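Q: Below are the sequence and a predicted model; questions follow.
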Amino acid sequence: QAQLVESGGGSVQSGGSLRLSCAAPEYIYSSYCMAWFRQAPGKEREGVAHINSDGSTFYADSVKGRFTISQDNAKNTLYLQMNSLKPEDTAMYSCAADRIYWWLLPKYKYWGQGTQVTVSS
């Protein structure tokens, strides 16, 4: 069972920035796709950003131009840089990994526990 561990969440005012991190086993980066999801209370889990094993990325329209997904293979870490945050970005953010290209569908095999992001107006 792969262990994904997120960090970097917190509280920030509208317009602020946060960078989330997701630490994973080394073998994840050799052939897995990874993604960030978020879930607000009472809402369904929403795909935010995806990165393939070749480094290509894909974003939900709601975050395009504000969020950037990246990975540091030397550190076995996935990142989500979030800029121009809005109150509607408030949610629990989780990273996910799988060999299958699920893009932004919440069907990934491995999931982290999540890190809370709260944006106040």
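A: Yep, it's here. Residues are numbered from 1 along each chain as shown.
Q: Show me what the residue nearest in space to the middle of the chain is bridged to.
A: Among the residues of the chain, the one closest to the centroid is W36, at 2.3 Å (Cα atoms, centre = their mean). Taking DSSP bridges as the rule, W36 bridges to A49, C95.
Q: That one contacts Y79, doesn't it?
A: No: W36 is beyond contact range of Y79, at 9.1 Å (criterion: Cβ atoms under 8 Å). C-beta: built from backbone N, CA, C; applies to glycine.
Q: Overlap in contacts, those two.
A: Common neighbours of W36 and Y79, using Cβ atoms under 8 Å, 6 or more residues apart in numbering, are L20, C22, I69.
Q: isn't there a helix covering the first one?
A: No: counting by DSSP: H, G, I helix; E, B strand; the rest coil, L20 is not part of a helix but strand.
Q: I'd guessed it sits against L80; true?
A: Yes: under the criterion of Cβ under 8 Å, L20 makes contact with L80 at 4.3 Å.
Q: Mutual contacts of the two, please.
A: Common contact partners of L20 and L80 (Cβ under 8 Å, 6+ apart): W36, Y93, C95.
Q: dump the residue contacts of S62.
A: Contacts of S62 were listed using Cβ under 8 Å, 6+ apart, and they are E46, V48, E88.
Q: With respect to G15, which of those is nearest?
A: Checking these against G15 with Cβ to Cβ, the nearest one is E88 at 13.0 Å.
Q: could the shared contacts of L20 and L80 be laid out in JSON lines, adding distance to A60 and pLDDT?
A: Converted to JSON lines, these look like this (distance: Cβ to Cβ, whole Å; pLDDT from 0 to 100):
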{"residue": "W36", "distance to A60": "10", "pLDDT": "98"}
{"residue": "Y93", "distance to A60": "13", "pLDDT": "98"}
{"residue": "C95", "distance to A60": "15", "pLDDT": "96"}
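Q: Any chance of TSV for these, columns distance to S84?
A: Shown next, in TSV, are the shared contacts of L20 and L80 (distance: Cβ to Cβ, whole Å):
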residue	distance to S84
W36	16
Y93	16
C95	21
